[in-house]
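S.K.: got a predicted structure here, sequence first:
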Amino acid sequence: MNISIMTVSIPLDVETTEEINVLVKESFLRDKVNYTSLLSVDELSNYYLKGFCVLAYEDETDKLVGVLSAVDRIATLDFEWSAVVLPNARRKGIGEQLVKELAKNLKLRGAETELVLVPENSKNGQQLLKKLGYLHDFSEITMAANAEANESFNKLQITSYNMEESELIEVLVSAFGDTEEEAREMIVFNNETPKRKLMLAIVDKEVVGTVAIVDDSDKLWVTGLAVHKKSRGKGIGTSLLNWSKNEAHHLGKTAVYLDVETDNEKALSVYKKAGFKKTNHTDFYRKG
């Protein structure tokens, strides 16, 4: 099988996006893996998203047989990427060609770091990464809960971000251990990216927590949920989750989704208590 490799910057055109959707659907039938999410397919036509895709075409049929998407989501030169090759085109070196082209493009763009997303059951993908010098870093699970009318957050004032930066930075630094600069970058990203909305949890006129919601077709994503250390154990995180389910219901969504690291036992306990259940498991690798 003769293969041609090409790189295209995001945003992708309609035709290329449709080719990727076809490949993802064919691969799902075999693997039962949500490659749409791993490859950020729904965002690849977004003019605000930084990154690129590496595409592999079979020369004889001009069919897309492999794709790798690399996204610099917060525009900090920190790239996340994932890849998939059609089942009937695997074990032919296409994956290695995609990663080789990826390395050229990361160097060209001055990438600071790279993080690889791999499905838990993708043994071939994990073996290829280890062969190429990547090491397992951490794992995440995706969890989901049904959207529903839920008013059990009323004791907490939840409002849109309104430039109370210093208080929000304090929450993010306390909750995540971020630097103030990293916190500012997160605030700017969530506040200025389309389809994202940054929310504040307020008690007695003081910002004690935050969460960002992302509008994604029939679902709502929750990300960046944080509660200040001094305000933990008071049900603020649970209230923010209940608010998100109520907001999803109000917007006509079917479910709320979130990602959490598998070793974050405290967060897992809160999410399970709020009715969230595991849907996917993803392993993350870094260059050794």
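M.R.: Here it is on my side, so go on. Being a predicted model, the structure only gives us computed values, none of them experimental. Numbering: from 1, shown residues only.
S.K.: the host helix or strand of residue 285: which residues count as buried?
M.R.: Element membership for residue 285, per DSSP states H and E: strand 277-287. Residues 280, 282-285 are the ones in strand 277-287 that count as buried (16 or more other CB atoms under 10 Å). Any C-beta I mention is one placed from the backbone N, CA and C, and that applies to glycine too.
S.K.: can you give me the helices in the stretch 151-288 of the chain?
M.R.: 165-176, 180-192, 236-250, 265-273 (DSSP state H, counting those that start in this stretch).
S.K.: just the closest of the buried residues of strand 277-287 to residue 38, please.
M.R.: Within the buried residues of strand 277-287, the smallest distance to residue 38 is 7.0 Å, found for residue 282 (CB to CB).
S.K.: ok, the closest one touching residue 139?
M.R.: Yes - shown here, residue 282 and residue 139 form a contact pair, counting by CB atoms under 8 Å, at 6.8 Å.
S.K.: circling back: quick one, which of the helices of the stretch 151-288 of the chain is packed in tightest?
M.R.: helix 236-250 (a mean of 22; mean count of other CB atoms under 10 Å).
S.K.: contact partners of that one?
M.R.: 145-153, 155-156, 158, 199, 201, 203, 208-209, 211, 213, 219-220, 222, 225, 227, 254-256, 270-271, 273-276 (CB atoms under 8 Å, 6 or more residues apart in numbering).
S.K.: can we see that at 6 Å?
M.R.: 145, 147-150, 152-153, 156, 158, 201, 208-209, 211, 220, 222, 225, 227, 256, 270, 274 (CB atoms under 6 Å, 6 or more residues apart in numbering).
S.K.: do the same with stretch 52-68
M.R.: So stretch 52-68 is contacted by 1-9, 19-20, 23, 69-70, 83, 85-86, 89, 94, 98, 101-102, 105 (CB under 6 Å, 6+ apart).
S.K.: next, the buried residues of stretch 64-76.
M.R.: Across stretch 64-76, burial judged by 16+ other CB under 10 Å covers 64-72.
S.K.: I'd like those as TSV, with pLDDT, secondary structure and distance to residue 262 appended.
M.R.: Output for these, formatted as TSV (pLDDT from 0 to 100; DSSP: H, G, I helix; E, B strand; the rest coil; distance: CB to CB, whole Å):
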residue	pLDDT	secondary structure	distance to residue 262
64	98	strand	33
65	98	strand	32
66	98	strand	28
67	98	strand	27
68	98	strand	25
69	98	strand	24
70	98	strand	24
71	97	strand	22
72	96	strand	25
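S.K.: farthest pair within these?
M.R.: Greatest spatial distance in these: 65 and 72, 25.5 Å, computed using CB to CB.
S.K.: now the spatially most distant residue from the centre of the chain: how far from residue 2?
M.R.: Within the chain, residue 60 marks the point farthest from the mean C-alpha position, 34.8 Å out by CA atoms, centre = their mean. Distance, residue 60 to residue 2, by CB to CB, to the nearest Å: 7 Å.
S.K.: may I ask you to name the longest strand in the chain?
M.R.: strand 134-146 (DSSP state E).
S.K.: and that strand, what does it pack onto?
M.R.: strand 255-261, strand 277-287 (3 or more CB pairs under 6 Å, 6 or more residues apart in numbering; DSSP states H and E).
S.K.: I'd like those as JSON lines, with distance to residue 173 and mean pLDDT appended.
M.R.: Listed next are these as JSON lines, based on distance: least, CB to CB, whole Å; pLDDT from 0 to 100:
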{"stretch": "strand 255-261", "distance to residue 173": "19", "mean pLDDT": "97"}
{"stretch": "strand 277-287", "distance to residue 173": "23", "mean pLDDT": "94"}
